[in-house]
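> I'll drop the sequence and a predicted model, then ask my questions.
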Amino acid sequence: MAQHAHWHTIYGKARRSTARYVSTIGREPYAGTAGDWTFRVSTTTNVRQGPSTKDRTIATFIRGKEFNTGWITERGEAVNGQRAWASVETSNGRRGWISLTNLCAVEHEDDRMLIEQ
């Protein structure tokens with residue numbers, strides 16, 4: 001079986017880079033923005049296998065849980081008019097997605113210092 005390699009451009013906060021994946025390893029990555037964000041879960045919510053409420057639930061995050069993410073897609077299913085979903089890692093190491101409608105951004109001391117400068 002032939003493996004087909006594909007290149008994707010990833011745009012982050014500081015610069016852009018390219019990423020390569022082999023299509024037979026798994027599902028093609030969702031288009032999105034790479035970065036470094038911390039979110040707090042505002043209401044207990046399901047972690048989905050993909051960025052849609054139609055995708056299977058693989059975990060649940062309770063209200064108040066904080067997590068870091070490096071990937072957000074704006075091509076997910078719209079939830080209350082919001083199409084953005086954050087990629088998360090569950091406690092057992094599985095990758096999943098949470099709608100941004102159920103999250104609030106956490107501001108860090110370093111972020112405030114950058115804003116003030």
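Received, thanks. Nothing here was measured: the structure is a model prediction, and the numbers come from that model.

> Give the rounded mean pLDDT of the helix or strand encompassing Gly70.
Remark: Gly70 resides in strand 66-73, with elements defined by DSSP states H and E. The pLDDT scores in strand 66-73 average 89.

> That strand - which strands sit beside it in the sheet, and in what orientation?
strand 33-41 (antiparallel), strand 85-89 (antiparallel) (DSSP bridges).

> where along this protein do the strands fall?
For the chain, the strands defined by DSSP state E occupy 5-11, 16-22, 33-41, 45-48, 57-61, 66-73, 85-89, 95-99, 103-105.

> where does the protein have low pLDDT?
By pLDDT under 70, the low-scoring segments of the chain are 1-34, 108-117.

> residue contacts, Gly76?
Tyr30, Gly50, Pro51, Ser52, Arg83, Ala84, Trp85, Trp97, Ser99 (Cβ atoms under 8 Å, 6 or more residues apart in numbering). Every residue, glycine included, has its C-beta placed from N, CA and C.

> what does Thr60 give?
Thr44, Thr45, Asn46, Val47.

> Who wins on neighbours among those residues?
Val47 (21 neighbours; other Cβ atoms under 10 Å).
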